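S.K.: Quick one: sequence plus predicted model below, questions after.
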Amino acid sequence: MSVRAAIYGCAGTGITEGERHFFREAKPWGFILFARNIADPGQVRQLVEELREAAGHEAEVLIDQEGGRVQRLTPPNWRGFPPGRRYGELYEADVEQGLHAARLGAKLIAAELRHLGITVDCLPVLDVPVPGAHDVIGDRAYADTPGPIAALGLAAAEGLLSGGVLPVIKHIPGHGRAGVDSHKSLPVVDTPADELSRIDFAPFHALRHMPLAMTAHVVYTALDRDRPATTSPSIIGGVIRGEIGFDGVLMSDDLSMEALKGSLGERARQSLDAGCDLVLHCNGKMGEMESVAAEVPILSGRPLERSEAAISQRKTAAASLDMDSAWRQFSGLIATS
């Protein structure tokens with residue numbers, strides 16, 4: 001069946017009749033869950049089933065389950081995972097141990113997500129933070145240099161894929177230099193293009209074969225003085241698709257973030273016109289979702305081909321993971337000083 005090029009959130013722990021009707025008509029590619037949607041495992045599984053039933057197809061269900069301060073599934077119902085920087089510390093002390101921890105942690109996350117019917121995790125974070133940048137990335141980043149970030153990001157992505165969950169590399173082409181939080185205002189980065197290419201773009205280039213990526217709501221004046229990457233045809237076409245070489249599904253970051261200007265419909269149209277395959281709207285506000293939906297086309301052409309290729313990368317988990325044993329091993333790795 002035909003689906004439309006959007007991902008939506010919902011308001012609470014179950015869907016309302018109004019949401020059910022909207023999703024039936026909107027036929028989104030997928031949904032995304034946040035803490036407001038989470039109570040307990042049984043409730044989450046039921047919500048996921050209700051969302052797919054409303055959409056009328058096996059919609060992808062996404063979540064931000066990174067670890068640290070960005071994890072929507074939290075104890076006591078789910079395991080708590082460390083921030084990305086902890087893997088970087090382990091990598092600095094012992095490369096193989098750091099990679100093993102990142103891969104195993106992601107496998108454990110994947111097992112928990114698949115148990116709930118969640119199929120996509122917005123992980124790994126490939127941003128390269130710099131001194132003086134806003135802490136919106138901070139310890140979510142694996143390290144401060146491209147090499148370890150790329151290596152650990154790849155290990156995490158492999159762990160998710162081996163557990164049957166699709167990874168999303170973010171925030172392409174790089175959010176690490178942002179001086180403000182793009183949830184609240186628009187970051188403007190004045191770094192020269194050659195330095196961006198050498199540092200910020202490098203982890204994304206290394207993981208350019210991944211199935212999905214999420215944009216950065218950041219202006220890079222050396223590339224486009226006026227528009228953030230999400231709505232910039234020159235950055236998406238010339239940098240993300242061109243220099244970096246990413247040819248997977250490109251989704252916008254959340255359209256409701258205050259970095260973007262204009263109505264929600266205008267933001268959706270600008271993102272799609274610039275080259276995003278999908279637009280993401282997270283807050284579950286019905287009026288805003290209706291404005292986005294009015295601008296979102298049926299997924300077709302290259303975006304549809306990319307979507308089909310991405311979904312084909314999802315594997316059936318090779319074997320049932322012994323969660324208790326794997327968690328003990330993981331906890332031992334993370335506790336290593």
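M.R.: Thanks, I have it.
S.K.: what about stretch 252-266, average pLDDT?
M.R.: Averaging pLDDT along stretch 252-266 yields 94.
S.K.: Just the buried residues of it, please?
M.R.: Neighbour-count burial for stretch 252-266 flags S252, D253, D254, L255, S256, M257, A259, L260, L264, G265 (criterion: 16 or more other Cβ atoms under 10 Å). All C-beta spots, glycine's among them, are computed from the backbone N, C-alpha and C.
S.K.: Low-confidence bits of this structure, can you list those?
M.R.: Judged by pLDDT under 70, the chain has its weakly predicted residues at 317-319, 337.
S.K.: same thing but at 90, please
M.R.: Within the chain, the stretches falling below the threshold (pLDDT under 90) are 1, 132-136, 178-185, 258-259, 314-321, 335-337.
S.K.: Just the strands from it, written as ranges.
M.R.: Per DSSP state E, the chain carries strands over the ranges 4-8, 28-33, 60-63, 65-67, 70-71, 120-121, 166-172, 188-189, 212-215, 219-220, 249-254, 278-281.
S.K.: Reformat those strands as a markdown table; add distance to Q97.
M.R.: Shown next, in a markdown table, are the strands of the chain (distance: least, Cβ to Cβ, whole Å):
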| stretch | distance to Q97 |
| --- | --- |
| strand 4-8 | 35 |
| strand 28-33 | 32 |
| strand 60-63 | 27 |
| strand 65-67 | 17 |
| strand 70-71 | 22 |
| strand 120-121 | 23 |
| strand 166-172 | 21 |
| strand 188-189 | 34 |
| strand 212-215 | 28 |
| strand 219-220 | 35 |
| strand 249-254 | 32 |
| strand 278-281 | 35 |
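S.K.: So which of those strands is nearest G238?
M.R.: Closest of the strands of the chain to G238 is strand 219-220, at 11.3 Å (criterion: Cβ to Cβ).
S.K.: For the closest one, which helices and strands make contact with it?
M.R.: Judged by 3 or more Cβ pairs under 8 Å, 6 or more residues apart in numbering; DSSP states H and E, the packing partners of strand 219-220 are strand 188-189.
S.K.: for the strand it packs on, packing partners?
M.R.: Counting by 3+ Cβ pairs under 8 Å, 6+ apart, strand 188-189 packs on strand 219-220.
S.K.: Name the residues that touch the strand it packs on?
M.R.: Strand 219-220 is contacted from outside by 173, 186-189, 191, 193, 196, 225-229, 235, using Cβ atoms under 8 Å, 6 or more residues apart in numbering.
S.K.: Redo those as JSON lines? Include neighbour count and distance to G287.
M.R.: Converted to JSON lines, the contacts of strand 219-220 look like this (neighbours: other Cβ atoms under 10 Å; distance: Cβ to Cβ, whole Å):
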{"residue": "P173", "neighbour count": "27", "distance to G287": "32"}
{"residue": "L186", "neighbour count": "17", "distance to G287": "23"}
{"residue": "P187", "neighbour count": "22", "distance to G287": "27"}
{"residue": "V188", "neighbour count": "15", "distance to G287": "30"}
{"residue": "V189", "neighbour count": "22", "distance to G287": "32"}
{"residue": "T191", "neighbour count": "17", "distance to G287": "38"}
{"residue": "A193", "neighbour count": "14", "distance to G287": "39"}
{"residue": "L196", "neighbour count": "21", "distance to G287": "37"}
{"residue": "R225", "neighbour count": "11", "distance to G287": "32"}
{"residue": "D226", "neighbour count": "8", "distance to G287": "28"}
{"residue": "R227", "neighbour count": "20", "distance to G287": "25"}
{"residue": "P228", "neighbour count": "27", "distance to G287": "24"}
{"residue": "A229", "neighbour count": "27", "distance to G287": "27"}
{"residue": "I235", "neighbour count": "27", "distance to G287": "30"}
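S.K.: List just the nearest of those residues to L108.
M.R.: Among the contacts of strand 219-220, P173 lies closest to L108 (Cβ to Cβ), at 29.4 Å.
S.K.: What is the burial count for V249?
M.R.: 29 (other Cβ atoms under 10 Å).
S.K.: thinking it is in contact with V279, fair?
M.R.: No: V249 is beyond contact range of V279, at 11.7 Å (criterion: Cβ atoms under 8 Å).
S.K.: who's in contact with G68?
M.R.: Taking Cβ under 8 Å, 6+ apart, one finds F81, P82, P83, G84, R85, R86, D139, R140 in contact with G68.
S.K.: try it again with 6 Å
M.R.: Taking Cβ atoms under 6 Å, 6 or more residues apart in numbering, we find G68 in contact with P83.
S.K.: And it, how close does it get to L123?
M.R.: Per Cβ to Cβ, to the nearest Å, G68 is found 11 Å from L123.
S.K.: got it, and L47?
M.R.: Using Cβ to Cβ, we find L47 at a distance of 21 Å from L123.
S.K.: between the two, who's got more neighbours?
M.R.: Comparing L47 with L123 by neighbour count (other Cβ under 10 Å), the higher total belongs to L123, at 30 against 23.
S.K.: Which residue comes closest to the more buried one once chain neighbours are left out?
M.R.: Ranked by Cβ to Cβ, 6 or more residues apart in numbering and with sequence neighbours excluded, the top spatial neighbour of L123 is E66, at 5.2 Å.
S.K.: quick one: contacts of stretch 186-201?
M.R.: Contacts with stretch 186-201, where a contact means Cβ under 6 Å, 6+ apart, come from 128, 146, 173-174, 177-180, 218-222, 244, 259.
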